[in-house]
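S.K.: starting from these lines, generate the structure:
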Amino acid sequence: MNKAHITMIGTYPVFMTYTNGLAGDSPQLTSHITALLRMKAEIDEFLLDGSYDSFLNHAAIWYKLKAKPLISLPVDAVINKEGELGRINHWANKMWKFGGTKHTKINKKLKFLYENGRQEQVGMYLRNQNLEDKTFPDSCKLRSECERIHGHMKIGTYSSPLCGLEL
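M.R.: The predicted structure is shown next:
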């Protein structure tokens, strides 16, 4: 089985990678982010299915695309302690020699931590925000529109786990 990983802006497919069915999905994200940066795409949200759920993916989407990562979460997902505001403040303050401080806005702290080797922690914070957001759509709602559109594009047996983008 083969897979097409399709990035869409709205209802328009703008980039695709093609892999065999045994290849992991997450490694495809880097080339999709790079393609969007080359296109100078301006997006607010990036929707993905649960196979892309990792702290590093959350952080990369937020930092590189300046978009909110909306990645389907498993039903048993839990809040990660290192992603809580207190721990973000702790690490920003601990890195004061490099310019860190807990007395700045959260986006500035996250950017500072990302640029100073704490990408995973930034991803934990972003994922926690989605978990705590009562308006965060469940996995089925996140995927339904993408799958509907991808269903019209599918040829043969490949699937399209990279959901797409919202303007």
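S.K.: helix/strand/coil for the residue of the chain positioned farthest from its centre?
M.R.: Here the chain reaches farthest from its C-alpha mean at Lys97, the gap being 29.8 Å by C-alpha atoms, centre = their mean. When classified by DSSP: H, G, I helix; E, B strand; the rest coil, Lys97 comes out as helix.
S.K.: how about the contacts made by it?
M.R.: Neighbouring residues of Lys97 by C-beta atoms under 8 Å, 6 or more residues apart in numbering: there are none. C-betas here are computed from N, CA, C, even on glycine.
S.K.: tell me how far stretch 38-49 lies from the chain's centre.
M.R.: 10 Å (C-alpha atoms, centre = their mean, to the nearest Å).
S.K.: ditto for stretch 34-45
M.R.: In terms of C-alpha atoms, centre = their mean, the centre of stretch 34-45 is set 13 Å apart from its chain centre.
S.K.: send the alpha carbons of it over as PDB?
M.R.: This file holds the C-alpha atoms of stretch 34-45, laid out as PDB (Å, rounded to 0.1, in the frame of the first residue of the first chain):
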ATOM      1  CA  THR A  34       9.400  23.800   3.800                       C
ATOM      2  CA  ALA A  35       7.100  23.900   0.800                       C
ATOM      3  CA  LEU A  36       4.700  26.200   2.600                       C
ATOM      4  CA  LEU A  37       7.500  28.600   3.600                       C
ATOM      5  CA  ARG A  38       8.700  28.700   0.000                       C
ATOM      6  CA  MET A  39       5.200  29.500  -1.100                       C
ATOM      7  CA  LYS A  40       5.100  32.300   1.500                       C
ATOM      8  CA  ALA A  41       1.800  30.800   2.700                       C
ATOM      9  CA  GLU A  42       0.100  32.700   5.400                       C
ATOM     10  CA  ILE A  43      -2.000  30.400   7.500                       C
ATOM     11  CA  ASP A  44      -3.600  30.600  11.000                       C
ATOM     12  CA  GLU A  45      -4.100  26.900  11.600                       C
END
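S.K.: thank you kindly, that will do.
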